[in-house]
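**Student:** model the following, please.
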Amino acid sequence: MMHLAWRQFRSQAAVGTVGLVLVAIVAAITGPHLVHLYDTTVAACSAHGDCSSASTAFLGNDSTLRTWLGILVVVVPGIIGLFWGAPLVARELEAGTHRLVWTQSITRTRWLAVKFAVICLASMIVAGVLSLLVTWWASPLDRTKASVFSTFDQRDIVPIGYAAFALALGVTAGLLIRRTVPAMAATLVVFVATLLAVAHWVRPHLISPMSRVFGLNQTTAGFGSANGAPFTLLPNSPSLPNGWIYSAQLVDKAGHALSPTYVASACPTLIAGAQATAGSGPTSGHVSRVPTPAGVDAELQACFAKVGARFHEVVAYQPGSRYWALQWYELTIYLGAALILVGISAWWVRHRLT
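**Tutor:** Numbers count the residues shown, from 1 in each chain. Reported below is the predicted structural model:
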């Protein structure tokens, strides 16, 4: 059975190998150049005292390639689910060849287990090696950007879980639907929906965020109007290298949010100048941050001093030190989901498949 499973998978294995070789060639050609640029610009910028300009210039290198490589890491597991997982069983069910295999003293459970084990191992290897190549290639850019969570699903070990889940999802869809093309469509929809749901509703709650308090000043807050509301002080995103910021709020000691009414009473001259500068007033539908009205710089400073005596900025965030913990948690979730799908498929093969 192992030999048969491998023979049926040879063409897919060849395509996966060729794809990895192509990515490796691209990484080998362009990667050393990125490392050299990083060593000669960003790594040495402290000696010249201009790290901001050096970092901005460096991050502009190979931006298109970086974008496509990141997309590839997320897309490949989905492709595995569509073209390796969904047809794995559905194709045999359509042709009826599964009955021939069962007459050769091979049990249903062994038939599914061997076919799934061979392709699942190959899928995880392909996704893992691809993620490793892209993570290595992009490491100078990631260190410079100092925002590891912005590419969380494109780096390290999480894509391995995506591949295992996508394959198990495709196999399960093929068993239940028994038609290859509809099973592929169902796999795509459920896989994309799962990735979005985990990213937006599960990942932020895997570990309770930390909070940090900042004093109110022109670094931690700006001045403008949000969604057509009156002009007020608005929180800025603080500089937290490699941090994942959940929220930033201006609150008092009791946790009450800063209101435009309080700002208007504390800083009437500033509000009047902003409204005059804005002409007809704040534009609705977006955040409008206006420049400091001419001649009221001192009033802006005084406004921050008055409001800052009572209010401060509270930031909820995940520090970069929790990156690997979240990687392992999410990998475990996807592997666990894959095992559940495999269990459903095994039960279906033994009790419902004819």
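
**Student:** for the stretch 251-354 of the chain, give me the ranges with low pLDDT.
**Tutor:** 278-296, 354 (pLDDT under 70).

**Student:** strands of that one, start to end?
**Tutor:** Shown for the stretch 251-354 of the chain, the strands assigned by DSSP state E, counting those that start in this stretch span residues 287-289, 311-318.

**Student:** wait, which of those is closest to residue 151?
**Tutor:** Taking C-beta to C-beta, strand 311-318 is the member of the strands of the stretch 251-354 of the chain nearest to residue 151, at 14.5 Å. Every residue, glycine included, has its C-beta placed from N, CA and C.

**Student:** in its sheet, what does the closest one sit against?
**Tutor:** Here strand 311-318 is paired, per DSSP bridges, with strand 210-215 (antiparallel), strand 244-252 (antiparallel).

**Student:** check the offset of that strand from the chain's centre.
**Tutor:** 23 Å (C-alpha atoms, centre = their mean, to the nearest Å).

**Student:** can we start the residue count at 872 from this point?
**Tutor:** Okay, residue one is now 872; in that scheme the one you just asked about reads as strand 1182-1189.

**Student:** deepest-packed of the strands paired with strand 1182-1189, please.
**Tutor:** Of all those, strand 1115-1123 has the most neighbours on average by mean count of other C-beta atoms under 10 Å, namely a mean of 16.

**Student:** before we move on, the earlier item: winner for burial among the strands of the stretch 1122-1225 of the chain?
**Tutor:** strand 1182-1189 (a mean of 21).

**Student:** contacts for it, please.
**Tutor:** Applying C-beta atoms under 8 Å, 6 or more residues apart in numbering, the contact partners of strand 1182-1189 are 1020, 1078, 1080-1087, 1091-1092, 1106-1107, 1109, 1111, 1114-1123, 1129, 1197.

**Student:** swap in 7 Å and give it another go.
**Tutor:** 1020, 1078, 1080-1087, 1091-1092, 1106, 1109, 1111, 1114-1123, 1129 (C-beta atoms under 7 Å, 6 or more residues apart in numbering).

**Student:** next: stretch 1134-1144.
**Tutor:** 1101, 1102, 1103, 1104, 1164, 1167, 1170, 1171, 1174, 1177, 1178.

**Student:** how far is it from where the chain is centred?
**Tutor:** 41 Å.

**Student:** now do residue 988, the pLDDT please.
**Tutor:** Looking at residue 988, its pLDDT reads 89.

**Student:** do the same with residue 1109
**Tutor:** 86.

**Student:** and the helices in the protein?
**Tutor:** 873-908, 916-919, 922-930, 934-951, 957-966, 968-973, 979-1016, 1029-1048, 1051-1068, 1131-1137, 1139-1149, 1168-1179, 1194-1222 (DSSP state H).

**Student:** among those helices, where is the model least confident on average?
**Tutor:** Lowest mean pLDDT within the helices of the chain: helix 968-973, at a mean of 58.

**Student:** quick one on the thing from earlier: save the strands of the stretch 1122-1225 of the chain as JSON lines, and put in distance to residue 924 too.
**Tutor:** As requested, the strands of the stretch 1122-1225 of the chain are exported to JSON lines (distance: least, C-beta to C-beta, whole Å):
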{"stretch": "strand 1158-1160", "distance to residue 924": "24"}
{"stretch": "strand 1182-1189", "distance to residue 924": "27"}
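
**Student:** who wins for proximity to residue 1008 among those?
**Tutor:** strand 1182-1189 (25.0 Å).

**Student:** what's the angle between the closest one and helix 1194-1222?
**Tutor:** Relative orientation of strand 1182-1189 versus helix 1194-1222 (axes from the mean of the first three to the mean of the last three C-alpha atoms, to 10 degrees): 50 degrees.

**Student:** which ones are touching residue 906?
**Tutor:** So residue 906 contacts residue 1011 (C-beta under 7 Å, 6+ apart).

**Student:** circling back: select, out of the strands of the stretch 1122-1225 of the chain, the one closest to residue 1027.
**Tutor:** strand 1182-1189 (15.6 Å).

**Student:** okay, the angle between the closest one and helix 1168-1179?
**Tutor:** 70 degrees.

**Student:** contacts only, for residue 1207.
**Tutor:** No residues are in contact with residue 1207 under the rule C-beta under 7 Å, 6+ apart.

**Student:** ok, which of the strands of the stretch 1122-1225 of the chain comes nearest residue 893?
**Tutor:** Residue 893 lies closest to strand 1182-1189 among these, at 34.8 Å (C-beta to C-beta).

**Student:** dump that closest one to PDB, keeping only the CA atoms.
**Tutor:** The C-alpha atoms that make up strand 1182-1189 are tabulated as PDB, following Å, rounded to 0.1, in the frame of the first residue of the first chain:
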ATOM      1  CA  PHE A1182      -5.300  61.900  31.400                       C
ATOM      2  CA  HIS A1183      -2.600  59.500  30.100                       C
ATOM      3  CA  GLU A1184      -2.300  57.000  27.200                       C
ATOM      4  CA  VAL A1185      -2.900  53.300  27.900                       C
ATOM      5  CA  VAL A1186      -1.700  50.800  25.300                       C
ATOM      6  CA  ALA A1187      -2.700  47.100  25.100                       C
ATOM      7  CA  TYR A1188      -0.100  45.100  23.200                       C
ATOM      8  CA  GLN A1189       1.800  41.800  22.900                       C
END
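
**Student:** now the strands paired with strand 1182-1189 as a markdown table including distance to residue 1001?
**Tutor:** Putting these into a markdown table (distance: least, C-beta to C-beta, whole Å) gives the following:
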| stretch | distance to residue 1001 |
| --- | --- |
| strand 1081-1086 | 32 |
| strand 1115-1123 | 24 |
